[in-house]
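Q: Coordinates only, no sequence provided:
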Ligand SMILES: Cc1ncc(COP(=O)(O)O)c(C=O)c1O
């Protein structure tokens, strides 16, 4: 391999042997944590940087600025390093300690913004990113919530990989919704490849308004939106989805713990969300269905949160092992 960029993509699909043992359908998890930066966002970072360089929007050596809850930042830092672009990441206090350290390890500059600042506030993460980009000559904002090369990354790579790995047998596709890039990009490909047969299902955390429910605190990193504060991302094409399922925090974290204990898969909370929804889908799908679900990242990013009894207790969640 000529560089770490070649490690991006071609992630494995692993079957849930235990959690789906008594179901009439198969559930296969696509392990995006196996990307070099530990998440699906490496695909997005690679695609948006390549396309911006090709179009001339991003000139050699220019700084990339993004506001990110972590994974997109890590992907950009990783690919930025390989392509000669300094990277500035604006994050909020919500970011896990692990992701913060990884960003530093890859050489990104970190700036903290106020998680509670509304969009009109100068302290809002996107406003801070805008200001920083304006102050650095030639700086370019990757804008993961607006950049069409985000869903295009999944249309070009994640979707075709799932299609080939299942030899076209995938019948249901489940992904959690953050920017919506994964679910609408890979979902669009799978719809087209199957002439509309694949059902596409979005997984939404409680507190998020993607399913039309009222907004509230969101406890699952990297996913969900709040209409009152966030705009509907341009990267999320709701028309691709057949259904959106919302799940509460307790079942999400119980699933994260079950995946580790029963499948030996250490995955992040948004994976717990998506897998719990995928198992629900598999329960009611026609027998013999093949449900593919995206696991966006690894649980190693959340050892101090999802796998920490003190953090779980502080959020009113059951510790690992206390679940039935
Ligand atoms: C941990 C995690 N899970 C899921 C997602 C959602 O992916 P997408 O933005 O493609 O909807 C993200 C996005 O940042 C994420 O960081």
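A: Nice, I can see it. Fair warning: this is a prediction, and the values are worked out from it, not measured in the lab.
Q: contacting residues around the most centrally placed residue in the chain?
A: For the chain, the residue nearest the mean C-alpha position is residue 296 (4.7 Å; C-alpha atoms, centre = their mean). Residues near residue 296 by C-beta atoms under 8 Å, 6 or more residues apart in numbering: 32-33, 39-41, 71, 175-176, 178, 182, 222, 268, 270-271, 274. Just so you know, the C-beta spots here come from the backbone N, C-alpha and C atoms, and that holds for glycine as well.
Q: ok, which of the residues you listed also contact the ligand?
A: Counting by C-beta under 6 Å from any ligand atom, 41, 71, 176, 178, 182, 222, 268, 270 from the contacts of residue 296 sit close to the ligand.
Q: Assumed the fifth one was part of a helix.
A: Yes. Using DSSP: H, G, I helix; E, B strand; the rest coil, the secondary structure at residue 182 is a helix.
Q: And it, how far from residue 153?
A: Separation of residue 182 from residue 153 (C-beta to C-beta, to the nearest Å) stands at 9 Å.
Q: The second one too?
A: According to C-beta to C-beta, residue 71 and residue 153 sit 13 Å apart.
Q: One more: the last one?
A: Distance of residue 270 to residue 153, computed by C-beta to C-beta: 17 Å.
Q: and if you look at the third one?
A: When C-beta to C-beta is the yardstick, residue 176 and residue 153 sit 16 Å from each other.
Q: For stretch 203-218, list every residue counted as buried.
A: Neighbour counts over stretch 203-218 (16 or more other C-beta atoms under 10 Å) mark 203, 204, 205, 206, 207, 208, 209, 210, 211, 218 as buried.
Q: beta partners for the third one?
A: Each beta-bridge partner of residue 205 is listed here: residue 247, as defined by DSSP bridges.
Q: mind checking how far it is from residue 28?
A: 22 Å.
Q: With the second one instead?
A: Using C-beta to C-beta, we find residue 204 at a distance of 21 Å from residue 28.
Q: residue in the stretch 201-324 of the chain nearest to the ligand?
A: For the stretch 201-324 of the chain and the ligand, the shortest gap (C-beta to the nearest ligand atom) falls at residue 222, measuring 2.4 Å.
Q: Could you double-check that residue 245 sits in contact with residue 277?
A: Yes. Residue 245 lies in contact with residue 277 (C-beta atoms under 8 Å); the separation is 4.6 Å.
Q: Show me which of the two is the more surrounded one.
A: Legend: neighbour count by other C-beta atoms under 10 Å for residue 245 and residue 277, higher for residue 277 (27 against 17).
Q: For the more buried one, list the residues it contacts.
A: Residue 277 neighbours (C-beta under 8 Å, 6+ apart): 174, 201, 203, 245, 247, 293.
Q: and it, that's in a helix?
A: Yes. Residue 277: assigned to a helix according to three-state DSSP.
Q: Skipping adjacent residues, who's closest to it in space?
A: In space, and not counting its chain neighbours, residue 277 is closest to residue 203: 4.1 Å by C-beta to C-beta, 6 or more residues apart in numbering.
Q: show me what contacts the residue lying closest to residue 317 once chain neighbours are set aside?
A: Of all residues not flanking residue 317 in the chain, residue 253 sits nearest, at 4.9 Å (C-beta to C-beta, 6+ apart). Residues near residue 253 by C-beta under 8 Å, 6+ apart: 269, 272, 306, 312, 317, 318.
Q: Is it possible to mark the buried ones in the residues you listed?
A: Among those, the ones that count as buried (16+ other C-beta under 10 Å) are 269, 272, 306, 312, 317.
Q: Out of these, name the ones that lie in strands.
A: Nothing among those maps onto strands, per DSSP state E.
Q: Residue 133 belongs to a strand?
A: No. Counting by three-state DSSP, residue 133 falls outside a strand, being helix.
Q: List the contacts of it.
A: Residue 133 makes contacts with 63, 65, 139, 140, 141, as judged by C-beta under 8 Å, 6+ apart.
Q: Among those residues, which one is most surrounded by other residues?
A: Counting neighbours by other C-beta under 10 Å, residue 65 comes out on top of the contacts of residue 133 with 27 neighbours.
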